[in-house]
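Asks: Just the structure for this:
(one chain, ligands or ions: 1)
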Amino acid sequence: MHKLANRLDHFSDSVIRRMTRIANQYQAINLSQGFPDFDPPKPLIDALKQAADYGPHQYEITWGSAEFRRLLAKKQQKLMQIDINPDENVLVTCGSTEAMMCAVMTVCNPKDKVIIFSPFYENYGADAILSDATPIYVPLIPPTFEFDKQQLREAFEQGAKALILCNPSNPCGKVFTKSELEYISQLAIEFDAYIITDEVYEHMVYAPHQHLYLASFANMRERTICCSSLSKTYSITGWRLGYIIADKRIIDGCKMIHDFLTVGAAAPLQKAACAGLALGDDYYQQLTETYTAKRRLFLKGLDDLGLTYYEPQGAYYVLVDISTLNPFKTDFEFCEWLIKEVGVAAVPGSAFFKHPEYRYIRFHFAKQEPTLIAALERLSKLKEKLSCLKN
Ligand code: GLN
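Replies: Take a look at the predicted model:
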């Protein structure tokens, strides 16, 4: 029989999501794939019940319900400090996963080059491959995860059509500074490139760090494609609601791709999510405070266990350095052992790095405090169990 498409040879299944399946198999506490173990805010659940009773149950307008786009534009306009016309600048997608894929497919022709900072959220590599674009990886250099300016310039000099910017960054938790973003903007303008942002952790930024939207930087509006989602902000990762905000010219292109990729995001869920988009500023303040407390608890726990990590400035992940602990050949084997023997699931760091790096594992802390405490309790046996293994 004919071989299936060659594109299948260039990537594997998602390691993040694979770790969840293994965690479930062994009933481990799942700190691998980033999603909460608590419910969305009550207004969303109530609105979902209403949607079950009163609809809508049929297709929404392809690019998203008018009410959703209006509320989203209002919320994001204030945060991003740019004008957002709900009819011209907004596209509702099936999660930011579709938003990112749609953005890359809208911008890139086959063989176009796309700059991706490494470590990176693993979908970006697949987004580029599925769009037949060629990734150019630029390292964020551990342990501080800064980039080398000259190296980035050289990547643009290779003729990159776009750069993917995850800010706050998954997996390392870096929040790009104003001067870094200014430098990226200057290069994008000089080399006439697009910037595709993934800003799903925009509300999870820890003081004194601050999230700045690249689209609001001088002359960046016309070349920035802001992708984000409601998943993390309202704890509804399973609802698969994301969006793109960009200039009309770009959104018109994205609408065409989206129309044929998915037709549209789930209508009753868009309706119910409007209850989230209508929440006031205090909700987002509270959200940031909640995650600040989870981060404090989890990092203190890691400190108490004598584990080394990069302190996240944003998002809800932490890369723990296992270079002095790992008796196995790879970080994947380490994570499998951790699930089976310690009962906690993490993602092997190599899933995020271009050049295999077996130095890190990634935990997330988007869990209720008792879950985090239970995970830390299990991790307190880690070193002892490792030493038994070595002997
Ligand atoms: N963003 C989450 C993570 O990095 C997972 C998202 C997903 O699996 N779609 O773990």
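Asks: for the stretch 151-300 of the chain, what spans make up the helices?
Replies: 178-190, 248-261, 267-277, 281-304 (DSSP state H, counting those that start in this stretch).
Asks: For the shortest one, what does the pLDDT average out to?
Replies: When the per-residue pLDDT values of helix 267-277 are averaged, the result is 98.
Asks: Pull the distance from it to the chain's centre.
Replies: 21 Å (CA atoms, centre = their mean, to the nearest Å).
Asks: ok, and what's touching that helix?
Replies: 40-41, 43-44, 46-48, 50-52, 55-60, 64-65, 67-68, 71-72, 74-75, 92, 230, 233-234, 236, 239-241 (CB atoms under 8 Å, 6 or more residues apart in numbering). (C-beta placed from N, C-alpha, C; glycine too.)
Asks: Narrow these to those in strands?
Replies: Under the assignment DSSP state E, the contacts of helix 267-277 contribute V92 to strands.
Asks: Now, of the contacts of helix 267-277, which are buried?
Replies: Among these, those buried by neighbour count (16 or more other CB atoms under 10 Å) are 40-41, 43-44, 47-48, 51, 60, 64-65, 67-68, 71-72, 75, 92, 230, 233-234, 236, 239-241.
Asks: re earlier: how about a markdown table for the helices of the stretch 151-300 of the chain, with mean neighbour count and distance to the ligand added?
Replies: As requested, these are exported to a markdown table (neighbours: other CB atoms under 10 Å; distance: least, CB to the nearest ligand atom, whole Å):
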| stretch | mean neighbour count | distance to the ligand |
| --- | --- | --- |
| helix 178-190 | 17 | 22 |
| helix 248-261 | 17 | 16 |
| helix 267-277 | 22 | 16 |
| helix 281-304 | 15 | 14 |
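Asks: residues touching the residue in the stretch 101-250 of the chain that the ligand sits nearest to, list them.
Replies: At 5.0 Å from the ligand, N170 is the closest residue in the stretch 101-250 of the chain, using CB to the nearest ligand atom. Residues near N170 by CB under 8 Å, 6+ apart: 34, 121, 198, 200-201, 315, 317.
Asks: Swap in 7 Å and give it another go.
Replies: Counting by CB atoms under 7 Å, 6 or more residues apart in numbering, N170 makes contact with 121, 201, 315, 317.
Asks: In this structure the first one contacts C166, no?
Replies: Yes: the pair Y121 and C166 passes the contact test of CB atoms under 7 Å, sitting 5.6 Å apart.
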